[in-house]
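S.K.: Could you look at this predicted model? Sequence included:
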Amino acid sequence: MKNTASLTLSEVKTTNTTNFVARSYQKMLREFIKGRMGYATIAIIGQSCLGSAAAMFLLMGELATMTKMTLLFFVTIFCMAFNGAVLAQLKAKVTFNILMLSVLFSALVILIHLF
């Protein structure tokens, strides 16, 4: 069985991009790969709390019931997908991408309901 604690940084392609978002993504991905087990543990707690807050805002909001339940479904699925990716020990990049998707979607739902 492959030792998952000793991942190499060769999974991350280094490119000379001038795009701030792409550079930030690559930097965060490299850091996530270096400390994968610790970051995954902390991320499970953080994104679960963020997902719970998003669910609370959805249920307190005044959207149509079908819209509310559809958004709640996606918030729940994205949070569960990340938790499952960590438990299944998927590749670090896949796990990180699911984390980013979950956090961004939950944050977007919260921001939309705040304004």
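M.R.: Noted; the coordinates are in hand. Residues are numbered from 1 along each chain as shown.
S.K.: Report the contact partners of Thr95.
M.R.: Residues near Thr95 by CB atoms under 8 Å, 6 or more residues apart in numbering: 32, 36, 40, 82, 85-86. All C-beta atoms are positioned from the backbone trio N, CA, C, and that covers glycine.
S.K.: Swap in 7 Å and give it another go.
M.R.: Neighbouring residues of Thr95 by CB atoms under 7 Å, 6 or more residues apart in numbering: 40, 85-86.
S.K.: For the one helix or strand it maps to, give the mean pLDDT please.
M.R.: Element membership of Thr95 [criterion: DSSP states H and E] is helix 92-114. For helix 92-114, mean pLDDT is 93.
S.K.: Export only the CA atoms of that helix, formatted as PDB.
M.R.: C-alpha atoms of helix 92-114 as PDB (Å, rounded to 0.1, in the frame of the first residue of the first chain):
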ATOM      1  CA  ALA A  92      -4.400  15.400  -3.000                       C
ATOM      2  CA  LYS A  93      -5.400  17.600  -6.000                       C
ATOM      3  CA  VAL A  94      -8.800  16.000  -6.300                       C
ATOM      4  CA  THR A  95      -9.400  16.400  -2.500                       C
ATOM      5  CA  PHE A  96      -8.200  20.000  -2.600                       C
ATOM      6  CA  ASN A  97     -10.400  20.800  -5.600                       C
ATOM      7  CA  ILE A  98     -13.500  19.400  -3.900                       C
ATOM      8  CA  LEU A  99     -12.600  21.400  -0.800                       C
ATOM      9  CA  MET A 100     -12.400  24.600  -2.800                       C
ATOM     10  CA  LEU A 101     -15.700  23.900  -4.600                       C
ATOM     11  CA  SER A 102     -17.400  23.200  -1.200                       C
ATOM     12  CA  VAL A 103     -16.100  26.300   0.500                       C
ATOM     13  CA  LEU A 104     -16.800  28.600  -2.500                       C
ATOM     14  CA  PHE A 105     -20.400  27.300  -2.900                       C
ATOM     15  CA  SER A 106     -21.200  27.600   0.800                       C
ATOM     16  CA  ALA A 107     -19.700  31.000   1.000                       C
ATOM     17  CA  LEU A 108     -21.600  32.100  -2.100                       C
ATOM     18  CA  VAL A 109     -24.900  30.900  -0.600                       C
ATOM     19  CA  ILE A 110     -24.100  32.800   2.700                       C
ATOM     20  CA  LEU A 111     -23.200  36.000   0.900                       C
ATOM     21  CA  ILE A 112     -26.300  35.900  -1.300                       C
ATOM     22  CA  HIS A 113     -28.500  35.500   1.700                       C
ATOM     23  CA  LEU A 114     -26.700  38.300   3.600                       C
END
